[in-house]
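# compute the structure for the input listed below.
(one chain, ligands or ions: 1)
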Amino acid sequence: MSKARPTVLKIGGSVITDKSVELKARTDTIDRLATEIEKANVHNLIIVHGGGSFGHPRAQQYGIKGGLKDDSQKIGFAETHHLMTVLNGLLMDALIWHAIPAVSVTPSSVIVTKNGRIQSFDHASIGKLLDMSFLPVLYGDAVLDSELGFTILSGDQLVAMLATQFGAERIIMGTDVDGLHDADPKTEKTAKLFEHLTLNELKGSQSRLGKSTVCDVTGGMFGKIVELLPALEKGVPVTIVNATKPNNVYMALKGERVKGTVVGDERC
Ligand code: IP8
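Numbering: from 1, shown residues only. A predicted model of the protein is given here:
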């Protein structure tokens, strides 16, 4: 594998889709992000994107996260996975049009979970892609589960696992808010942004972090942070930025200071 430690960039579903309208992609934002990623030209980058209004409504409608209870859910599992491939295709189109050698890796083909937690993960192809300077792109997905039959794997659990598996240097979380706040900044005007949190401070403030106000079967901002703990505990710092604002992802990828939250023990 190439020597540089990878960066894992998560692009939230709330950034690339309009979560209030089912199946509405923000194609201008997708194109802008592809421009920023091309311009930043970071070596050893892995991208993971969320489900937004493509994955979550269908997953919720059919109760996919809770597992197989009735055969009538099977079409919902198939649809949820398919819609994720459709959203992934839009991002892949943009990345490839920007001459980025991005290759989509289907999570449900390489991962099996057990009670919702990753149990097996065939990571050889991702390692080989990184080795060859490709940019692997994964996403939250409907996956098979050895106990539940199937479930929903969040992009955030995937991010933490990839960061740990490939010894990432950092995780950048592109969300639709400026970072972690002590309340939901979308509903509470007085919500205060945390610019830096150590791992211990994060653990202490978890109960105060804003929860998602729209349909999100994997738990919104609170769910994200909990999922990132395994990577944080391995010393991988996490930078949370607002990816709906132009240039933030570019600056974060370049290691420049951006308004947001840095979680980890290193002060930047
Ligand atoms: O948006 C969930 O991924 P997330 C993906 O990263 C699906 O939580 C299929 C709902």
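# surely Val226 is in contact with Gln206?
Yes - the criterion here is C-beta atoms under 8 Å, and Val226 meets it with Gln206 at 7.1 Å. In this view, the C-beta of every residue, glycine as well, is placed from N, C-alpha and C.
# neighbour count: those two, which is higher?
Counted by other C-beta atoms under 10 Å, Val226 and Gln206 do not tie: Val226 has more neighbours, with 18 against 12.
# give me the element that one is part of.
Counting by DSSP states H and E, the element that carries Val226 is helix 220-233.
# what do you get for Gly204?
Using DSSP H and E, Gly204 sits within helix 199-205.
# so what touches that helix?
Applying C-beta atoms under 8 Å, 6 or more residues apart in numbering, the contact partners of helix 199-205 are 180, 182, 194, 197, 225, 229, 232-233, 263-265.
# dump those residues to TSV, plus pLDDT.
Formatted as TSV, these follow (pLDDT from 0 to 100):
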residue	pLDDT
Leu180	90
Asp182	83
Phe194	90
Leu197	91
Ile225	85
Leu229	94
Leu232	96
Glu233	95
Val263	94
Gly264	91
Asp265	62
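# just to revisit the earlier point, give me the buried positions along the helix holding Gly204.
Neighbour-count burial for helix 199-205 flags 199, 202 (criterion: 16 or more other C-beta atoms under 10 Å).
# one more: stretch 139-149?
Neighbour-count burial for stretch 139-149, with 16+ other C-beta under 10 Å as criterion, is recorded at 139-145, 148.
# which of those fall in strands?
Using DSSP state E, 139, 141-145 are the members of the buried residues of stretch 139-149 that sit in strands.
# which of these come close to the ligand?
141-142 (C-beta under 6 Å from any ligand atom).
# can you tell me which of the ones in strands among the buried residues of stretch 139-149 comes closest to Leu90?
Checking these against Leu90 by C-beta to C-beta gives Tyr139 as the nearest, at 11.2 Å.
# who's that closest one bridged to?
His49 (DSSP bridges).
# wait, doesn't it sit right on Gly52?
No - between Tyr139 and Gly52 there is no contact under C-beta under 8 Å: 10.2 Å.
# joint contacts of these two?
By C-beta under 8 Å, 6+ apart, the residues touching both Tyr139 and Gly52 are Leu87.
# once you drop chain neighbours, what's closest to the residue of the stretch 151-268 of the chain found nearest the ligand?
The ligand sits closest to Gly155 of the stretch 151-268 of the chain, with a gap of 2.9 Å, by C-beta to the nearest ligand atom. Once flanking residues are discounted, Gly155 sits nearest to Gly140: 3.7 Å by C-beta to C-beta, 6 or more residues apart in numbering.
# how about the one you found, phi and psi?
phi -60, psi 140 (degrees, to the nearest 10).
# ok, it - contacts?
By C-beta under 8 Å, 6+ apart, Gly140 lies in contact with 13, 48-51, 55, 84, 107, 152-156, 158, 218.
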